[in-house]
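>>> Please work out how this folds:
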Amino acid sequence: MGISKSPRTTLALACIACHKGAMSRLDLVIQRLLAQRACIEQAVRLVRDLPGPILELGLGNGRSYDHLRERCPGRAIFVFDRELASHPASRPEVALFIQGDFRDTLPTAGARIGAPAAIAHCDIGSHDPVKSRAMGVTIAPLVVPLMAPSGIVLGDQPMPHPALRRFELPEGAAPGSYHIYQVVSP
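Have a look, this model is predicted:
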C-alpha cells in the first residue's frame, strides 16, 4: 500500500536523492519526518478495525502526538516521557500522560492503559546513536506485553524482538529512516 505523494513530498524526496548519499543534517531530518509520517499513516490503516489505545513514547514537541490525535479521533493516546515540555497545542490530557523513564513506567503501565494497545509509536532517539539503538533494544520487551495481537509498533530505532515481525516500509520512507513491526504474539 503506497501513500499518494504531494508536490511537497515529491520535491523533498528529489532534494534528498540529489545528494547521492551525502546528506546535510537538514536533509536527514526531512527524510526522517517523511518516513515518520508515512509509517504513521500505514499503521493507522493497518489497525483501522483493531480496538485499543495508542501509546506515544517520546512526546518531544508533540508533532507526532498531534498527528496521531488527528488521524485517530476517539482513541485514547497514552503519552510517555520524562517531562511534559511539548507545544501547548500538542499536549495530552493529564490523565493520559505517564511521566518518567520508559524503563520505569512501561512495566507498570498495563493497569493504567486498561486494554491492549493497537499502536505504539516510539520516537525515542537522541543525538547519541549508540544510546538510541540501545534504547530500542531495551524497550522492545517492555512494549510488547502492552500490545494487542496484530498491533503495530513503529519508531525511529530498530526494536528487535521475537514477537515483532518487521514490515516493509511504505512508499516515501527511506530504508533505515524508520522501522515498523506487527505484533505476531504478545
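
>>> Not counting sequence-adjacent ones, nearest residue to P92?
The spatially closest residue to P92, leaving aside those adjacent along the chain, is V79, at 4.4 Å (C-beta to C-beta, 6 or more residues apart in numbering). Quick note: C-beta positions are derived from backbone N, CA and C, even for glycine.

>>> which ones are touching the one you found?
For V79, the contact set (C-beta atoms under 8 Å, 6 or more residues apart in numbering) comprises 56, 59, 65, 92, 96-98.

>>> Paired strands for whatever helix or strand it lives in, with orientation please.
V79 belongs to strand 77-81 when assigned by DSSP states H and E. If you go by DSSP bridges, strand 77-81 pairs up with strand 54-57 (parallel), strand 97-99 (parallel).

>>> which of these sits most buried?
strand 54-57 (a mean of 25; mean count of other C-beta atoms under 10 Å).

>>> same question for that strand, mean pLDDT?
Mean pLDDT, strand 54-57: 98.

>>> do the same with stretch 101-114
When pLDDT is averaged over stretch 101-114, the result is 96.

>>> Please identify the buried residues of it?
Under the neighbour-count criterion of 16 or more other C-beta atoms under 10 Å, stretch 101-114 has 102, 105-106, 109, 113 buried.

>>> I appreciate the help and will end here.
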